[in-house]
Structures are given as structure tokens and as C-alpha cells.
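**Student:** Have a look at this prediction, sequence included:
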Amino acid sequence: MRFMLPNLANITPQLSYQYQQDNCAVLYFEQTQLKQLAQQYGTPLFVYSTQHIADSLSIYNQGLANHKHGIYYSVKVNSNIHILSLLHSLGAKFDVVSKGELQRVMYVGVAAKNCVFAGVGKTQDELLFAIQNDIGCINVESASELYRISELAQSINKIAPISLRINPNIDPKTHPYISTGLQENKFGILTKEAYELYQWAHGQPNLEIKGISCHIGSQLLDLSPLLQAAERVVEFAQSLQEIGIEIEHVDFGGGIGISYQQDESEKIAQLDWQNYFSNLTRIVPKDIAIHIEPGRSIVGNGGVLLTQVQYLKKQGELDFAIVDAAMNDLIRPALYQADHQVVELQQHVNDSVASKKFTVVGPVCETSDFLARDKELKIREGDYLAMLSAGAYSFCMSSNYNSRLRAAEVLISGEKNTLIRKRETFENMIANERIT
Ligand SMILES: Cc1ncc(COP(=O)(O)O)c(C=O)c1O
């Protein structure tokens with residue numbers, strides 16, 4: 001008799017269990033069997049779905065189809081060059097926050113004019129590089145940065161396109177570490193100061209005012225703060241128009257959340273994207289383009305981290321599953337208390353293994369090295385697990401802590417898979433170190 005399998009489609013539609021025999025089912029991502037992939041490439045292994053990325057991008061393009069718009073994928077979220085190249089082929093533009101990110105997108109054939117340069121601490125070298133390469137727009141975060149851009153543009157006889165990132169002082173109701181639109185955060189410029197800076201910029205021969213930008217936070221499960229911020233930005237644009245300063249675009253940043261857990265997936269299912277897009281296109285006048293910089297909502301649910309159980313250990317009341325992935329691979333649980341869903345790559349019934357609640361931890365020498373708590377799993381040593389929703393802010397935040405080699409990354413499309421980043425080697429890791 002067949003058994004009930006968890007439905008993962010409300011977290012990631014491309015994930016599903018399929019029966020191998022009546023008492024055994026294996027997890028597929030699109031048409032690729034994940035256990036085979038784990039055995040082929042080893043673990044820890046990040047796997048991404050082409051279909052998921054393409055579908056997520058097209059939700060934005062369809063929602064904004066009736067308004068001039070640009071989707072600037074936020075490179076920091078997952079910056080693998082193959083993913084960037086895929087998004088480029090699908091028509092995305094790019095939001096970068098460092099010279100390195102701009103070099104990544106230029107490396108895959110994107111013109112800098114199709115990029116916006118955001119970030120609170122751009123150096124002189126980074127700004128010069130961006131201006132020299134004809135960046136599409138620099139999202140300016142302070143008065144000092146604005147003055148620096150004007151001087152640099154003048155020194156190389158260029159005109160720098162700019163937008164000021166305003167801080168609308170709106171609570172995005174998200175984790176404090178990813179909340180950016182409040183007065184006490186380091187980001188953006190308060191509107192009163194921004195109003196004066198726009199007037200100053202308007203008179204500068206080496207600056208060209210392009211737009212107004214804002215980004216209030218990430219992993220938002222309620223879209224009303226985003227609409228509130230949009231209203232403030234548009235009101236602000238109108239106040240500039242009244243003094244003769246024209247705005248070509250408004251940039252609302254990123255922020256829309258994804259499901260990490262079943263209970264979040266209910267909230268995500270209730271997110272009224274249609275209402276969000278129709279309000280956004282109503283709030284913004286037709287002659288002003290809408291730019292957005294989504295990241296997490298494009299790739300987050302499109303990735304999984306595969307790991308193998310090394311040891312099972314009972315300690316006091318707790319059952320630990322010690323796996324071969326760790327906080328250096330996925331720091332989100334330790335950094336943001338993120339709760340990723342964990343599932344088995346193979347599910348059995350009628351065997352001797354009992355289902356238990358596990359704390360899933362890695363081998364790093366830190367108590368904070370946990371990947372998940374309180375997860376009902378039916379596992380033996382040697383079994384494989386998938387941590388879901390690991391496409392965003394995951395591999396790109398990984399490190400060599402404990403001299404662990406960075407994981408490999410694979411992109412799947414149907415039943416095809418492509419290794420898009422080789423597993424790091426010891427030689428890669430020490431390449432820049434010297435014994436004098
Ligand atoms: C300026 C800016 N734009 C876009 C993003 C991407 O946000 P998200 O991944 O929430 O869509 C961020 C993330 O912090 C950001 O700071």
C-alpha cells in the first residue's frame with residue numbers, strides 16, 4: 001500500500017516525491033532525481049531550478065507589462081555567473097552593490113548601462129569604475145557620496161546618472177537585520193535632506209538626475225508597507241516636479257518574501273500580487289518608469305542544499321543529526337534564526353527506522369552551527385537531506401570557516417543538470433596565502 005507523501009509544491013512547485021516502489025519514494029527537482037545528483041557530485045551541494053527562476057521573473061514582467069518598467073535582479077542574492085547569464089538571457093537587468101558584482105555582470109555580457117549601483121559605502125575606485133563604464137544609474141545614499149560622485153565625474157569629464165535613495169521611515173515588519181527603511185537604519189537619506197540635495201544636484205553640470213529610489217527591507221510577507229513606500233516616493237517625485245526637477249523612474253528596491261516553512265507558505269499564498277501590481281501601476285504616473293530590484297523572490301525557493309547525515313547522536317533529551325553541511329555553507333539559521341524546511345531525499349515506510357524530532361547540526365566548532373531545530377525526520381546515518389529555500393542569501397554568504405571547502409553548485413533544467421561551480425579544492429582555498 002502506498003503512503004502519504006509531503007506536498008512541497010506550496011514551497012517550491014518544482015519539488016515532488018515520486019514512488020520508486022510502493023514503499024519507497026524519492027525526491028525530484030523538476031525531472032531530476034536529487035539523490036542521484038548528491039551521489040554524482042557529492043555533498044554539500046546547492047541545486048537550482050531553471051524553471052523556477054524563469055517563472056518567478058515572468059511574474060514581475062507580467063504584473064508590470066502595462067507600465068514602462070525594468071526588473072533589476074539583485075546580484076547579491078545569488079551571484080553565480082551562470083545564474084546571472086540565465087537571467088540576462090531572460091531579459092533581466094541588474095542591481096549591484098560593489099565593483100565585484102558589476103564586474104560579474106559585465107563578464108557575462110551585460111552592459112553597465114543596464115545596471116544600477118546601490119550600496120551605502122561605495123569607494124572612490126568603485127564609483128570611478130562605474131562612471132567610466134557608463135553605469136545606468138547610481139543610487140546615492142548620502143550627501144558626501146553625492147559630492148564625491150560629482151567631483152569624480154568632473155575629473156574624467158563624464159556625466160554621472162543618479163538617483164537618491166530616500167529613507168521613507170516605514171516599518172516593513174520583518175526581521176530587524178533585514179529592515180532598512182526606518183530612520184534609525186543606516187540606509188537612505190531622509191526626505192527633507194534629499195529635497196535639498198536634489199536641488200543642489202540639479203545645478204551640477206556633471207550630474208544627471210534620473211530617478212528616486214528606496215528599499216525598505218527584505219522577506220516582507222505583507223505587501224502594504226511596499227505600497228505605502230511607493231506612495232511616499234511618488235509624492236516626493238511630484239514635489240520635485242513642482243520645482244522643475246523631472247524624474248524618469250522610481251525604483252522601489254526588492255523585498256517580497258518567500259516561504260521557508262509551511263506556515264509561511266500560507267501567508268505567501270495569500271500575498272495578493274495582482275493587487276500589488278495594479279496598485280503600483282495606479283500609484284505611479286504613466287510617464288514615470290517603475291524599476292524594481294527583486295532578489296529573494298526570484299531565486300530563493302528555486303534552490304535546495306543537499307547534505308548527507310554523518311552521525312546520529314542522542315544527547316540528553318535531544319536527538320542530533322550531524323550532517324556534512326554547516327554554517328559556513330548556509331549561515332541563515334545562525335544569522336537570522338531562519339527556519340528552513342528539511343526533508344529526506346528518500347522516504348521509506350515499513351522499515352525499522354522510527355520517525356523522530358531532530359536538531360540538524362554541522363561539524364563546525366560553534367554552538368551556533370545549527371541548520372534546523374525540531375525537524376521530524378526518518379533517517380539513518382548515510383541518508384541524504386535537502387534544506388529547502390536555499391537559493392537566496394545562501395551560497396553567496398558561504399565562507400571557508402574551519403577551512404571547509406565551499407560547496408559545488410548545479411543548475412537543473414528538466415532532467416538535465418549542469419555543474420555551474422566546481423567544489424573548491426584545498427589548492428583554491430590557499431591560493432592567495434604565502435609562507436614567507
Ligand atoms: C537596495 C536593495 N535592493 C534589492 C535588494 C533585494 O531584496 P530582496 O532579496 O528582498 O528582494 C536588497 C536587499 O537587501 C537591497 O538592499
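**Tutor:** Okay, I see it.

**Student:** near the ligand at all, the helix or strand residue 212 falls within?
**Tutor:** Using DSSP states H and E, the element containing residue 212 is strand 207-213. No: applying C-beta under 6 Å from any ligand atom, one finds strand 207-213 separated from the ligand by no less than 7.6 Å. Where you see a C-beta, it was placed from the backbone N, CA and C, and this is true even at glycine.

**Student:** by contact count, what packs against the helix or strand following that strand?
**Tutor:** The helix or strand immediately downstream of strand 207-213 is helix 224-242, counting by DSSP H and E. Identification of packing neighbours for helix 224-242 by 3 or more C-beta pairs under 8 Å, 6 or more residues apart in numbering; DSSP states H and E yields strand 160-167, helix 191-202, strand 207-213, strand 249-251, helix 273-283.

**Student:** Identify each buried residue in the strand holding residue 212, please.
**Tutor:** By 16 or more other C-beta atoms under 10 Å, the buried positions in strand 207-213 come out as 207, 209, 210, 211, 212, 213.

**Student:** wait, what's in contact with the residue nearest to the second one when sequence neighbours are not counted?
**Tutor:** Nearest residue to residue 209, sequence neighbours excluded (C-beta to C-beta, 6 or more residues apart in numbering): residue 201, at 5.7 Å. In this structure, residue 201 makes contact with 146, 150, 162, 164, 207, 209, judged by C-beta atoms under 8 Å, 6 or more residues apart in numbering.

**Student:** which residues of this protein fall in helices?
**Tutor:** Per DSSP state H, the chain has helices spanning 34-41, 50-63, 81-89, 99-107, 124-132, 143-155, 191-202, 224-242, 262-270, 273-283, 296-299, 332-336, 426-430. These are given in chain order.

**Student:** Domain boundaries for the protein, per the record?
**Tutor:** 15-49+301-430, 119-292 (automatic domain parsing).

**Student:** Columns mean pLDDT and distance to residue 88 on top of those domains, output as TSV?
**Tutor:** As requested, the domains of the chain are exported to TSV (pLDDT from 0 to 100; distance: least, C-beta to C-beta, whole Å):
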stretch	mean pLDDT	distance to residue 88
domain 15-49+301-430	95	14
domain 119-292	92	14
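
**Student:** now for those domains, which one comes closest to residue 59?
**Tutor:** Among those, the nearest to residue 59 by C-beta to C-beta is domain 119-292 (6.5 Å).

**Student:** What's the end-to-end length of the closest one?
**Tutor:** End-to-end distance for domain 119-292: 15 Å, by C-alpha to C-alpha, to the nearest Å.

**Student:** so the residue of the stretch 51-200 of the chain found nearest the ligand bridges to which residues?
**Tutor:** Minimum separation of the stretch 51-200 of the chain from the ligand (C-beta to the nearest ligand atom) falls at residue 74, amounting to 3.6 Å. Residue 74 forms beta bridges with residue 95, as assigned by DSSP bridges.

**Student:** and what of residue 140?
**Tutor:** Taking DSSP bridges as the rule, residue 140 bridges to residue 164.

**Student:** tally of neighbours for it?
**Tutor:** Counted with other C-beta atoms under 10 Å, the burial measure for residue 140 works out to 28 neighbours.

**Student:** And residue 73, by the same measure?
**Tutor:** 30.

**Student:** The spatially closest residue to it that is not a sequence neighbour - how many residues pack around it?
**Tutor:** Nearest non-adjacent residue to residue 73, counting by C-beta to C-beta, 6+ apart: residue 92, 4.5 Å away. If you count neighbours by other C-beta under 10 Å, residue 92 ends up with 23.

**Student:** And residue 275, by the same measure?
**Tutor:** By the criterion of other C-beta under 10 Å, residue 275 has 12 neighbours.

**Student:** and what of residue 254?
**Tutor:** Close neighbours of residue 254, defined as other C-beta under 10 Å, add up to 24.

**Student:** I'd assumed residue 75 was in contact with residue 97.
**Tutor:** Yes: Residue 97 lies in contact with residue 75 (C-beta atoms under 8 Å); the separation is 7.4 Å.

**Student:** more crowded one of the two?
**Tutor:** Comparing residue 97 with residue 75 by other C-beta under 10 Å, the one with more neighbours is residue 75, at 27 against 19.
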